[in-house]
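Student: Just need the structure, nothing else, for what follows:
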Amino acid sequence: MNDRPARELSPDDGRVLDQLAEDGFDPAKIDSLSADDRPRGEAIAALLGRLEQYPVEDASPELVDATLARIQREEDARPQRMRIDNQIERQSEQVMGGRRWRFPDLFATAAIVLIAVAVIWPITNSVRQQRMVALDSANLGENGQAMALYASAHDGMSPMQATASVLPDPFDWMGKDHGTYSKGVQRNMAGYASSPNDFQRPESKADAHPYSYQYWQPGDSLLVEGRVVAANANPLRAASGRLTAEQAIQNSLSHGGKGQNILFGDGSVSWTETCDMDGDRLWDPGTDENGHIISIIVGGSRGQDVLFLVQ
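Tutor: The predicted structure follows:
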């Protein structure tokens, strides 16, 4: 290790060096120095000149060209060197339909397909459901128009009132007369701007998704705002045994249990995602002290607060 102290310029030499630096180390400026400073300037210029003296001769043009060519070859070979398991990848290539496919290409294609399905499928289902809700709403609206025409031709009497007077049991919605009440409403409305398809959810069978109609008590008015007239199929129509209140708190199955269209007495149709109507359940007339749905008695009703759609 060299322990000799570092040499430093004398104050006069430092002053001359600073002056030369300000002049851009121009050799012509040395002559403008004073007689005492001129030797110092010449010595500094000679010392700095050594920086431009290389210890070897300049390389020949041939050597420069060869060096650049070697560098270019190395750069061209870099992508090949950076690939991993080139041999395995080549062996994994398969010929499909005259075109060579690699497994990574297949994986990428499969991933794109899965992403597309995950995005498009929910959107398609949502559009399909909205379309069916709209068609169903228009269909129920035709029901309302036919009922209004019927009532105008029968002194304000609704098809439900006429049906209740002739059918043996309009409340028998789970027994041997299953569906009789709905068929009676259809018969009374026949010829009043209605068609067989008006009484069921569009694009479905009549026995799968028929509309459920309200049973009207004597003296009830049909064509009034806010009064429920009909709705999608009662979800309890296929139930049996003693029903609990919890079983009645569900939507119609005509739209996958997501809600139901409801026709009101003024002819308007509303989509609702709950079967609760102003505190009353849409599908049952109430419960007894044990929480079971009240049994429906032949020819009778259960009070003025009954809100029960029968099919």
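
Student: Going along the chain, name the helices of the stretch 151-300 of the chain.
Tutor: 159-164, 180-189, 245-248 (DSSP state H, counting those that start in this stretch).

Student: Just send those helices back as CSV, with mean pLDDT and mean neighbour count too.
Tutor: Glycine gets a C-beta too; all of them are placed from N, C-alpha and C. Shown next, in CSV, are the helices of the stretch 151-300 of the chain (pLDDT from 0 to 100; neighbours: other Cβ atoms under 10 Å):
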stretch, mean pLDDT, mean neighbour count
helix 159-164, 80, 22
helix 180-189, 82, 21
helix 245-248, 68, 15
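
Student: Out of these, flag the one nearest Ala111.
Tutor: Across the helices of the stretch 151-300 of the chain, Ala111 has its closest neighbour in helix 245-248 (44.0 Å, Cβ to Cβ).

Student: just to revisit the earlier point, could the helices of the stretch 151-300 of the chain be laid out in TSV, adding distance to Ser270?
Tutor: Shown next, in TSV, are these (distance: least, Cβ to Cβ, whole Å):
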stretch	distance to Ser270
helix 159-164	19
helix 180-189	20
helix 245-248	20
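
Student: can you tell me which of those helices comes nearest to Ala233?
Tutor: The nearest among the helices of the stretch 151-300 of the chain, by Cβ to Cβ, is helix 180-189 at 9.5 Å.

Student: Now find how far off-centre the closest one is within its chain.
Tutor: Helix 180-189 has its C-alpha centroid displaced from the chain centroid by 42 Å (Cα atoms, centre = their mean, to the nearest Å).

Student: That one - contacts with which helices or strands?
Tutor: If contacts are counted by 3 or more Cβ pairs under 8 Å, 6 or more residues apart in numbering; DSSP states H and E, helix 180-189 sits against helix 103-153, helix 159-164, strand 212-214.

Student: Name the helix or strand of the chain that has the lowest mean pLDDT.
Tutor: Lowest mean confidence among the helices and strands of the chain (mean pLDDT, DSSP states H and E): strand 94-96, at a mean of 47.

Student: Deepest in the core, which of the helices and strands packed on helix 180-189 is it.
Tutor: Highest mean neighbour count among the helices and strands packed on helix 180-189 (mean count of other Cβ atoms under 10 Å): strand 212-214, with a mean of 25.

Student: That strand pairs with which strands, parallel or anti?
Tutor: Here strand 212-214 has these sheet partners by DSSP bridges: strand 228-231 (antiparallel), strand 309-310 (antiparallel).

Student: Lowest average confidence across those, which one?
Tutor: When those are compared by mean pLDDT, strand 309-310 comes last with a mean of 53.

Student: before we move on, back to that, wait, which of the helices and strands packed on helix 180-189 is closest to Ser254?
Tutor: Smallest distance to Ser254 across these (Cβ to Cβ): 7.4 Å, for helix 103-153.

Student: Mind giving me the packing neighbours of the closest one?
Tutor: helix 180-189, strand 228-231, strand 260-264, strand 269-272.

Student: picking that back up, out of the helices of the stretch 151-300 of the chain, which is closest to Pro235?
Tutor: For Pro235, the closest of the helices of the stretch 151-300 of the chain is helix 245-248, at 8.4 Å, according to Cβ to Cβ.

Student: if we can go back for a sec, would you mind giving the helices and strands packed on helix 180-189 as a markdown table with distance to Glu225 added?
Tutor: Converted to a markdown table, these look like this (distance: least, Cβ to Cβ, whole Å):
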| stretch | distance to Glu225 |
| --- | --- |
| helix 103-153 | 12 |
| helix 159-164 | 17 |
| strand 212-214 | 15 |
